[in-house]
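# sequence below, structure please.
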Amino acid sequence: MPLKDLINVINIYNAKIIFDKLEKVAMKIMAGNSPLYFYPVDEKERTKFENMRDNHDFTSSTAAIHIIDLSIEELVNIFECDGTGIHEFMNKIIEPYCDGKIEKNIIYTTFLFLHEIGHWIQFEKMNKKVSAFIEKDY
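Model prediction:
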């Protein structure tokens, strides 16, 4: 199942989602970056934010959750093979919800996405102020 299909169904939070092509992010993933993450500003807006003398009131218009455009199985495989132990940690967290009624990889991926939605909601509650988010990111 394409990851995009699942995300489009469960994104009831109106979060901006960017589905990154594998070719664009492969080197980043191989360097240890996550294939799924929230980012409060895109590169162009980040440059503007960083060059401001007083950026405490800077409001982002480009915040988004980035997700690699793969199948659910391929995404889970990336986490299985990353060597950080996050896959084993995630499996322990989702274990109580894996009763066989819903495929484990769907539960796994949904949990990953909802974690990023938590960052999205946190950012919105901070009125999309980049400085506030950076200072208090949990």
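# tell me the contacts of the spatially most central residue of the chain?
For the chain, Tyr37 is the residue whose C-alpha lies nearest the centre (Cα atoms, centre = their mean; 2.5 Å). Neighbouring residues of Tyr37 by Cβ atoms under 8 Å, 6 or more residues apart in numbering: Ile65, His66, Glu116. In short, each C-beta sits where N, CA and C put it, glycine included.
# then Lys48?
Taking Cβ under 8 Å, 6+ apart, we find Lys48 in contact with Phe58.
# for Phe89, the count of nearby residues, please.
Residue crowding around Phe89 was assessed by other Cβ atoms under 10 Å; the count is 11.
# ditto for Gly100
Counted with other Cβ under 10 Å, residues neighbouring Gly100 total 6.
# give the helix, strand or coil label for it.
coil (DSSP: H, G, I helix; E, B strand; the rest coil).
# for Ile93, see how far away it is.
Using Cβ to Cβ, to the nearest Å, Gly100 is found at 18 Å from Ile93.
# cool, Ile17 as well?
Spatial separation of Ile17 from Ile93 under the definition Cβ to Cβ is 23 Å.
# ok, back up a step: hang on, the residue nearest to the centre of the chain is in a strand, isn't it?
Yes: secondary structure assignment (three-state DSSP) places Tyr37 inside a strand.
# among the contacts of Tyr37, which lie within strands?
Within the contacts of Tyr37, residues falling in strands by DSSP state E are Ile65, His66.
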